[in-house]
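Q: any chance you can model this:
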Amino acid sequence: VLGDLGKLGSRYIFNLKLIDVMRDKTENRVSDIVSDDVGLFLDRIPQMVDNLITKDLRKTKRKGGGTSGDAGLDPPKGLAVPADMAYIPAGTFLMGYQNEQGDEDEWPQHAVKLDAFLIDKYEATKREFERVMNYSTSTQKGCATCPIDNVTWFEAKEYCDKTGKRLPTEAEWEYAARGGESTIFAYGNVLSSDQANFNGRKPFGGAPQGIYRKKIMPVGSFKPNDYGLYDMHGNLWEWCADWYGKEYYRESSYENPEGPSTGMYRVLRGGCWVSEGGCLRSANRIGYKPTVRLNIFGFRCVKDIPETN
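A: Coordinates of the predicted model:
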């Protein structure tokens with residue numbers, strides 16, 4: 001177990017890593033944040049170590065075929081989950097960011113309850129988009145397994161409709177992106193370009209400067225989150241179904257929110273290959289006109305789970 005300490009403004013971020021020294025591989029990491037008094041970490045380290053080990057045991061059980069009690073990630077019996085999709089269990093989480101942290105449109109942080117759903121493990125690729133839509137919008141030559149870029153919200157919606165799916169709601173997207181974690185990213189409170197495709201010269205939370213690849217990467221190039229989802233942080237911004245409302249969180253419904261009823265912009269989430277690390281935060285949100293076409297915009301689809309008697 002190794003630890004490192006970073007600073008962001010007046011806040012200190014302490015990270016612990018569980019490393020497999022035989023394979024030189026980081027298996028798990030946990031993070032905690034305190035304001036002003038770094039000494040507060042001393043009392044928290046034992047609990048952080050316990051959380052680190054417990055988290056690793058949960059993951060080991062899931063890899064070995066755990067029961068539905070293992071973090072609730074196993075789908076119910078009889079539900080066929082396509083190989084390219086992941087089952088996201090029903091649950092409640094804190095959406096947004098605490099006041100005076102993050103951006104104003106992420107306030108207030110609020111509880112949201114969601115039904116279970118299925119979501120694509122990967123951003124929609126050029127190969128699949130061309131197969132379904134019979135044309136390509138991509139600005140990038142070759143790389144059939146790279147995510148399709150330069151798509152409008154309408155094209156993303158049409159693709160999902162044609163495949164029997166739909167765009168995720170903003171709440172579903174954030175819930176899935178967090179991967180069951182309450183930290184800033186699914187991987188903790190620190191982000192480097194070893195973990196996602198973004199401008200690695202501007203990492204987040206005290207991580208060292210890294211690679212700026214300056215291009216879209218093939219899907220699945222980085223480690224997935226604990227829900228088995230790839231590139232929820234970085235690569236391409238992802239369209240969501242919702243209209244964007246800067247103050248919507250003040251009136252958001254508790255159960256399965258679907259965003260404002262009208263608007264001018266549609267929500268995008270996740271950051272992209274040109275973004276700074278802070279833009280990839282799970283809670284970060286932006287809005288653009290649904291007709292806008294940029295080489296930093298992509299998407300993935302979700303699918304409702306049929307009701308059973």
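
Q: distance of the nearest residue to Glu247 once chain neighbours are set aside relative to Lys141?
A: Distances taken as C-beta to C-beta, 6 or more residues apart in numbering place Asp105 nearest to Glu247, at 7.4 Å, with adjacent residues excluded. Backbone N, C-alpha and C define where each C-beta goes, glycine included. Taking C-beta to C-beta, to the nearest Å as the measure, Asp105 falls 36 Å from Lys141.

Q: which of the two has more neighbours?
A: Between Asp105 and Lys141, counting by other C-beta atoms under 10 Å, Asp105 is the more crowded of the two (18 against 5).

Q: element containing Asp50?
A: helix 41-63 (DSSP states H and E).

Q: for the first helix or strand past that helix going along the chain, give the mean pLDDT please.
A: Counting by DSSP H and E, the element after helix 41-63 in chain order, helix or strand, is strand 85-88. Strand 85-88 shows a mean pLDDT of 96.

Q: packing partners for strand 85-88?
A: Helices and strands touching strand 85-88, as assessed by 3 or more C-beta pairs under 8 Å, 6 or more residues apart in numbering; DSSP states H and E, comprise strand 117-120, helix 170-178.

Q: ok, 7 Å please
A: Helices and strands touching strand 85-88, by 3 or more C-beta pairs under 7 Å, 6 or more residues apart in numbering; DSSP states H and E, are strand 117-120.

Q: and the strand it packs on, C-alpha only, in CSV?
A: Provided in CSV are the C-alpha atoms of strand 117-120 (Å, rounded to 0.1, in the frame of the first residue of the first chain):
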residue,chain,number,x,y,z
PHE,A,117,-30.8,0.0,-16.7
LEU,A,118,-28.3,-1.3,-19.2
ILE,A,119,-25.7,1.0,-20.8
ASP,A,120,-23.1,0.5,-23.5
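
Q: and the contacts of it?
A: Here strand 117-120 makes contact (C-beta atoms under 7 Å, 6 or more residues apart in numbering) with 81, 84-88, 168, 172, 176, 229, 300-305.

Q: among those, which ones are buried?
A: Buried by 16 or more other C-beta atoms under 10 Å: 85-88, 168, 172, 176, 229, 300-303, 305, out of these.

Q: against Phe204, how distant is the residue nearest the centre of the chain?
A: The centre of the chain sits closest to Ala177, judged by C-alpha atoms, centre = their mean, with a distance of 2.4 Å. As judged by C-beta to C-beta, Ala177 and Phe204 stand 15 Å apart.

Q: closest one to Leu40 out of the buried ones among the contacts of strand 117-120, please.
A: Taking C-beta to C-beta as the measure, Leu40 sits nearest to Ala176 out of those, at 31.4 Å.

Q: pLDDT at that closest one, what is it?
A: Looking at Ala176, the pLDDT reads 98.

Q: right, and it touches Asp226 too?
A: No. Under the criterion of C-beta atoms under 7 Å, Ala176 is not in contact with Asp226, lying 10.6 Å apart.

Q: what about Gly3, how many neighbours?
A: For Gly3, using other C-beta under 10 Å, the count is 12.
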